[in-house]
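Undergrad: Pasting a predicted model and its sequence here:
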Amino acid sequence: MLTLQRATAALLAPTNWVARCSRLLGKVRERYREWPTQETRESRGITLLSEWLTIDQRAQFEVEKCFEVIGCDTGKRYRILYGTAANVHELDDDGRPLMGWCFVPRGYLVPGDVMLAQKIVLETNEQAALAVANRFPIHAPLRETTCYRRRAY
């Protein structure tokens, strides 16, 4: 026999379910609205990189998405391009790429973190970095890009 309490509970159960779904949907909508404004790993990596760059390097990076460093052991110039691999180019006296170097820290890191590690190792322990790096030839770009415009130094 169906009691009044059971009948009421049976009738209210679907509305409780709908109410729960409605609340959950509201939370999902709230989270979705916040999503674009939350910092991403990549933006935090770029922020950290920017804090470590010199004023000249930061200005270059903001305009060209690359920056130059001087090796601590040889005094050679290197251009670190935005990316996570094969993004270090040794430069000649005119700022043209001579040779590419590929060395990255272990683990999956965002581009800003990789570039910061490359900057620090070239400025503090260049020979050790080049000893483990893969070397590759650089071919002249098909079109002139911002990072490869001839500069007056």
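TA: Structure's in. What do you need?
Undergrad: pLDDT below threshold where in this structure?
TA: Low-confidence segments of the chain (pLDDT under 70): 1-18, 20-21, 24-25, 27-29, 31-38, 140-153.
Undergrad: Tell me how it divides into domains.
TA: As assigned by automatic domain parsing, the chain contains the domains 4-37, 41-140.
Undergrad: list the buried ones in stretch 56-76?
TA: Within stretch 56-76, the residues that count as buried by 16 or more other Cβ atoms under 10 Å are 57, 60-61, 64-69, 71, 76. Quick note: C-beta positions are derived from backbone N, CA and C, even for glycine.
Undergrad: Now do the strands in the chain.
TA: Ranges of strands within the chain are 66-70, 77-81, 88-91, 97-102, 134-137, based on DSSP state E.
Undergrad: With distance to residue 46 as new columns, can the ones you listed be given to me in CSV?
TA: As requested, those are exported to CSV (distance: least, Cβ to Cβ, whole Å):
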stretch, distance to residue 46
strand 66-70, 12
strand 77-81, 13
strand 88-91, 18
strand 97-102, 21
strand 134-137, 25
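Undergrad: wait, which of those is closest to residue 114?
TA: When the strands of the chain are compared by Cβ to Cβ, strand 77-81 sits nearest residue 114, at 9.1 Å.
Undergrad: between the closest one and strand 97-102, how many degrees?
TA: Calculated by axes from the mean of the first three to the mean of the last three Cα atoms, to 10 degrees, strand 77-81 forms an angle of 60 degrees with strand 97-102.
Undergrad: which residues touch strand 77-81?
TA: 65-71, 87-91, 95, 97, 101, 115, 118-119, 122, 147 (Cβ atoms under 8 Å, 6 or more residues apart in numbering).
Undergrad: Pull that strand out as CSV, backbone CA atoms only.
TA: Extracted C-alpha coordinates of strand 77-81, given in CSV (Å, rounded to 0.1, in the frame of the first residue of the first chain):
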residue,chain,number,x,y,z
ARG,A,77,75.7,35.4,-29.9
TYR,A,78,72.7,33.1,-29.9
ARG,A,79,69.1,33.9,-30.8
ILE,A,80,66.4,32.0,-28.9
LEU,A,81,63.2,31.8,-30.9
